[in-house]
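Participant: Return atomic coordinates for the entry below.
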Amino acid sequence: MLISSHIQLTQEEIARIEVADFGLGQLEVQGLELITYINTDRYCAKDLVLFPRQTCPEHLHPQIANVPGKMETFRCRVGVVYLYVEGEPTPEISAIIPSGSEDCYTVMNEIVLHPGEQYTIEPGIKHWFQAGEQGAIISEFSSTSRDEFDIFTDLRIQRMPTIREDE
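Facilitator: Coordinates of the predicted model:
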């Protein structure tokens, strides 16, 4: 697994790894694995791990009251990342849009990130990303993360997990 071979984590951090399938039940296709190192009222640092061709669905970070949406810088650490943001569409994109969710991916301005390259996403900008054939690790440096307020293009998505109790 990528995370064990490239990122050193404490036992406490390992216990806090979040596996997000966004309520779609397609983790290996549309999902994300992440560890948040710090998230305060001023800044946030995370590592995002993606399986080969795994996609984090299209979303944006909105303004909340008088606080601007999250501004984030993605720095590719391992693998290749295909990042899509608002702007002039790329004629032929490198990503494979998840089957059955084609209508939920609307921004197609492609930025390709290789290890050591980074890109900053301004607040309120729709974006999505996908790992290349080998998977990827991305370090995210951002303003405060408020994942529960993210707005996804796919209305089926549940960003925060729900806990079901068996009867």
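Participant: only C-alpha atoms for contact and neighbour calcs from this point on.
Facilitator: OK.
Participant: pull the helix or strand with minimum mean pLDDT from this protein.
Facilitator: Across the helices and strands of the chain, mean confidence by mean pLDDT, DSSP states H and E is lowest for helix 2-6: a mean of 50.
Participant: following that one, which helix or strand comes up?
Facilitator: Downstream of helix 2-6, the first helix or strand assigned by DSSP states H and E is helix 11-15.
Participant: who does that following helix touch, helix- and strand-wise?
Facilitator: strand 32-39 (3 or more C-alpha pairs under 8 Å, 6 or more residues apart in numbering; DSSP states H and E).
Participant: which parts of the strand it packs on are buried?
Facilitator: Using 16 or more other C-alpha atoms under 10 Å as the test for burial, strand 32-39 gives 32, 33, 34, 35, 36.
Participant: I'd say residue 104 and residue 153 touch.
Facilitator: Yes: between residue 104 and residue 153 there is a contact under C-alpha atoms under 8 Å: 5.3 Å.
Participant: who touches both of those two?
Facilitator: residue 58 (C-alpha atoms under 8 Å, 6 or more residues apart in numbering).
Participant: On the pLDDT front, check residue 7 for me.
Facilitator: Per-residue pLDDT puts residue 7 at 77.
Participant: This protein: strands as residue ranges?
Facilitator: Secondary structure of the chain (DSSP state E): strands at 18-20, 32-39, 44-50, 55-60, 72-85, 109-113, 118-121, 127-142, 151-152.
Participant: tell me the centre residue of the protein?
Facilitator: residue 56 (4.6 Å; C-alpha atoms, centre = their mean).
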